[in-house]
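S.K.: I'll drop the sequence and a predicted model, then ask my questions.
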Amino acid sequence: MGFHVNDGLQLMNKHIQVSSLTVAPALFSLVNTEILPGTGISKTAFWDSFAAIVEQFTPINKRLLQVRADLQEQIDGWHKANRNANFASYKKFLTEIGYLVPAVDDFEISPINVDSEITQQAGPQLVVPIMNARFALNAVNARWGSLYDALYGNDVISEDNGAHKSGDYNPLRGQRVIDYGRDFLDMAVPLLDGSHHQACEYRIVDGQLQIQAEGGLM
């Protein structure tokens, strides 16, 4: 199914109908004017191919999402009914519902056409076993550290008034990064009383989060 970029574009609820897709104008413009030029891929070929991929995999993804939703519902129900259960019974339950499957013999795969960011470049660990507290904590710290690192070297943080990012560590820029992170926490997980800017320590005591400020517990 072909189309002409300058002719016959149909706006539907402020979206653009292209091939069998309904695309936001901003995305349509980004792909056509900034991403595709220089790739050798025509606009028609891209949108038709993308539409075919969406048509092929959308039903599969919907089925997988339903499987995930069903598993999550069963797991949530189990936790509500078994608040003091041990790990062995939990593992048995997860196996029964198909969340855990038996280990298989070692095997190899040889994928092709995979980006070098996946095949060659090391990246942060995205999935860790929840039963290993140290791994889980490391994963959380890696995410937070990655945010700070990304902010320090990114133009999200202005270099105005001495907050330059070149050279050795700049404490002024570092403080702006920390302030940005605290603002993010205030937005994402606001406290009932006070601000994350006041916090100097977080700890878990008897299963409850305690936040220490300069003048005492918050």
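M.R.: Alright, I've got the coordinates.

S.K.: what sits up against the strand or helix carrying residue 179?
M.R.: If you go by DSSP states H and E, residue 179 is part of helix 171-188. Contacts with helix 171-188, where a contact means Cβ atoms under 8 Å, 6 or more residues apart in numbering, come from 144, 147-148, 151-152, 156-159, 161-165, 195-197, 199. (C-beta placed from N, C-alpha, C; glycine too.)

S.K.: Quick check: mean pLDDT of that helix?
M.R.: Mean per-residue pLDDT for helix 171-188: 92.

S.K.: Skip ahead from that helix and say which helix or strand is next.
M.R.: Counting by DSSP H and E, the next helix or strand C-terminal to helix 171-188 is strand 199-205.

S.K.: Residue 193 against residue 217, yeah?
M.R.: No. Using Cβ atoms under 8 Å, residue 193 is not in contact with residue 217, being 10.2 Å away.

S.K.: returning to what we had before: can you select the buried ones among the contacts of helix 171-188 for me in ChimeraX?
M.R.: The following ChimeraX line selects those of these that are buried, judged by 16 or more other Cβ atoms under 10 Å:
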select :151,152,157,163,165,196,199
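
S.K.: Of the contacts of helix 171-188, which belong to strands?
M.R.: With DSSP state E as the criterion, strands contain residue 199 from among these.

S.K.: Tell me what angle the helix holding residue 179 forms with strand 199-205.
M.R.: Per axes from the mean of the first three to the mean of the last three Cα atoms, to 10 degrees, the angle that helix 171-188 makes with strand 199-205 is 50 degrees.

S.K.: All further residue positions should be reported with the first residue as 57.
M.R.: Okay, residue one is now 57; in that scheme the one you just asked about reads as helix 227-244.

S.K.: Using PDB, write out every CA atom in helix 227-244.
M.R.: Taking C-alpha atoms only, helix 227-244 is exported to PDB below (Å, rounded to 0.1, in the frame of the first residue of the first chain):
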ATOM      1  CA  PRO A 227      30.900  20.300  42.700                       C
ATOM      2  CA  LEU A 228      28.600  23.100  41.600                       C
ATOM      3  CA  ARG A 229      27.300  21.000  38.700                       C
ATOM      4  CA  GLY A 230      27.200  17.900  41.000                       C
ATOM      5  CA  GLN A 231      24.900  19.800  43.400                       C
ATOM      6  CA  ARG A 232      22.600  20.800  40.500                       C
ATOM      7  CA  VAL A 233      22.400  17.100  39.600                       C
ATOM      8  CA  ILE A 234      21.500  16.200  43.100                       C
ATOM      9  CA  ASP A 235      18.900  18.900  43.300                       C
ATOM     10  CA  TYR A 236      17.400  17.700  40.000                       C
ATOM     11  CA  GLY A 237      17.300  14.200  41.500                       C
ATOM     12  CA  ARG A 238      15.600  15.400  44.700                       C
ATOM     13  CA  ASP A 239      13.100  17.300  42.600                       C
ATOM     14  CA  PHE A 240      12.300  14.100  40.700                       C
ATOM     15  CA  LEU A 241      11.700  12.200  43.900                       C
ATOM     16  CA  ASP A 242       9.400  15.000  45.200                       C
ATOM     17  CA  MET A 243       7.400  14.700  42.000                       C
ATOM     18  CA  ALA A 244       7.400  10.800  41.600                       C
END
